[in-house]
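**Student:** Provided below for reference: sequence and predicted model.
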Amino acid sequence: MSVESFESANGSRPTRLLVVEDDPEISTLVNRYLTSQGFEVIVAANGTMLRNTLAVTAVDLVLLDLGLPGEDGFALTRYLHEHWQGPVIIVSGRGESIDRVVGLELGADDYVTKPFELRELLARIRSVLRRSAGRAPPKAPPGDSPSALHFAGYRLDPGSRLLTGPEGQEVPLTTGEFDLLQLFLDHPNRVLSRNDIMTHIHGRDAGPYDRAIDVQISRLRRKIDADPTRPALFKSIRGAGYMFTERVKRA
């Protein structure tokens with residue numbers, strides 16, 4: 001069965017989380033806590049169990065450890081982004097900035113470093129779920145949503161969370177990429193600082209080593225800029241932040 005055959009939960013069941021963690025002590029602790037908070041939790045100890053679970057069970061969010069036996073966690077992050085495309089939070093003992101950057105580059109929606117507070121993990125899960133709600137709904141029928149945003153031949157529909165390219169092709173976006181693009185389209189030709197962006201999207205200030213915004217803008221450039229090496233849509237404003245320079249029209 002194809003992983004892509006499942007859609008997000010529609011409220012008819014508890015939100016289902018897949019915890020991919022090979023340490024039984026950590027997985028048991030996280031399982032008990034999140035279950036007590038009203039979630040349905042499934043635990044997988046490795047990449048094979050992860051893929052087998054997604055093939056037969058609808059899952060709303062994956063918590064992925066990077067240090068799994070037999071398979072690189074970054075490779076699994078890439079697999080989830082390419083084949084499943086639901087929200088993913090990396091939960092890892094690797095706290096280096098480069099690991100956070102690589103994880104976000106590969107499509108993760110958030111990155112939590114071990115050891116972590118269970119309440120912080122819960123807050124991150126709820127934040128990502130709120131942002132990813134309705135990320136992969138059925139395609140809308142022909143016609144324009146009243147709130148659709150048009151720029152440089154692209155069309156972004158906030159209702160369906162769907163970005164369509166100049167040739168009518170669907171451009172897949174992660175939750176973070178979608179939220180970031182919509183923020184810029186709502187504020188064209190205005191400089192947004194990293195703190196402005198992080199506060200709007202993640203509800204917190206940007207830390208001194210937090211490159212999440214730079215990573216997501218780099219990914220958006222590769223997806224929608226004609227020449228990502230000479231970006232025309234997202235301009236870097238030295239010492240200030242970023243500005244979206246294209247004209248935006250609402251349907």
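**Tutor:** Nice, I can see it.
**Student:** Just give the number of residues close to residue 199.
**Tutor:** With neighbours defined by other Cβ atoms under 10 Å, the count for residue 199 comes to 13. To be clear about C-beta, it is placed using only N, CA and C from the backbone, and glycine gets the same treatment.
**Student:** Also residue 97?
**Tutor:** Counted with other Cβ under 10 Å, the burial measure for residue 97 works out to 12 neighbours.
**Student:** Please report phi then psi for it.
**Tutor:** Listed backbone geometry of residue 97 is phi -60, psi -40, with angles given as degrees, to the nearest 10.
**Student:** How about residue 226?
**Tutor:** Summarising the backbone geometry of residue 226 under the convention degrees, to the nearest 10, its torsions are phi -60, psi -40.
**Student:** That one and residue 166 touch, don't they?
**Tutor:** No. In this structure, residue 226 is not within contact of residue 166 by Cβ atoms under 8 Å, at 10.1 Å.
**Student:** Sketch out the helices for the stretch 151-251 of the chain, chain order is fine.
**Tutor:** Listed in chain order, the helices found in the stretch 151-251 of the chain under DSSP state H, counting those that start in this stretch are 175-186, 194-202, 212-224.
**Student:** how many degrees apart are the longest one and helix 175-186 in direction?
**Tutor:** For helix 212-224 against helix 175-186, the angle by axes from the mean of the first three to the mean of the last three Cα atoms, to 10 degrees is 80 degrees.
**Student:** repeat for the second one
**Tutor:** Compare the direction of helix 194-202 with that of helix 175-186 by the same axes, to 10 degrees and you get 120 degrees.
**Student:** can you give me how far helix 194-202 is from the chain middle?
**Tutor:** Its chain's C-alpha centre and that of helix 194-202 lie 15 Å apart, by Cα atoms, centre = their mean, to the nearest Å.
**Student:** Need the CA coordinates for it. PDB is fine.
**Tutor:** Listed in PDB are the C-alpha atoms of helix 194-202, where the atom choice follows Å, rounded to 0.1, in the frame of the first residue of the first chain:
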ATOM      1  CA  ARG A 194      14.600  37.000  11.500                       C
ATOM      2  CA  ASN A 195      13.000  37.800  14.800                       C
ATOM      3  CA  ASP A 196       9.800  39.000  13.100                       C
ATOM      4  CA  ILE A 197       9.600  35.800  11.100                       C
ATOM      5  CA  MET A 198      10.400  33.500  14.000                       C
ATOM      6  CA  THR A 199       7.900  35.200  16.300                       C
ATOM      7  CA  HIS A 200       5.200  35.000  13.600                       C
ATOM      8  CA  ILE A 201       5.800  31.400  12.600                       C
ATOM      9  CA  HIS A 202       7.200  29.700  15.700                       C
END
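**Student:** Packing partners of it?
**Tutor:** Helices and strands touching helix 194-202, as assessed by 3 or more Cβ pairs under 8 Å, 6 or more residues apart in numbering; DSSP states H and E, comprise helix 175-186, helix 212-224, strand 241-244.
**Student:** With mean pLDDT, distance to residue 102 and mean neighbour count as new columns, can the ones you listed be given to me in a markdown table?
**Tutor:** Compiled in a markdown table, those are given as follows (pLDDT from 0 to 100; distance: least, Cβ to Cβ, whole Å; neighbours: other Cβ atoms under 10 Å):
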| stretch | mean pLDDT | distance to residue 102 | mean neighbour count |
| --- | --- | --- | --- |
| helix 175-186 | 86 | 15 | 21 |
| helix 212-224 | 84 | 9 | 20 |
| strand 241-244 | 90 | 21 | 20 |
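**Student:** List just the one of the ones you listed that sits closest to residue 31.
**Tutor:** If you check each of the helices and strands packed on helix 194-202 against residue 31 by Cβ to Cβ, helix 175-186 wins as the nearest, at 23.8 Å.
**Student:** Summarise which helices and strands the closest one is packed against.
**Tutor:** Judged by 3+ Cβ pairs under 8 Å, 6+ apart, helix 175-186 is in contact with helix 118-132, strand 149-151, strand 154-157, helix 194-202, helix 212-224, strand 241-244.
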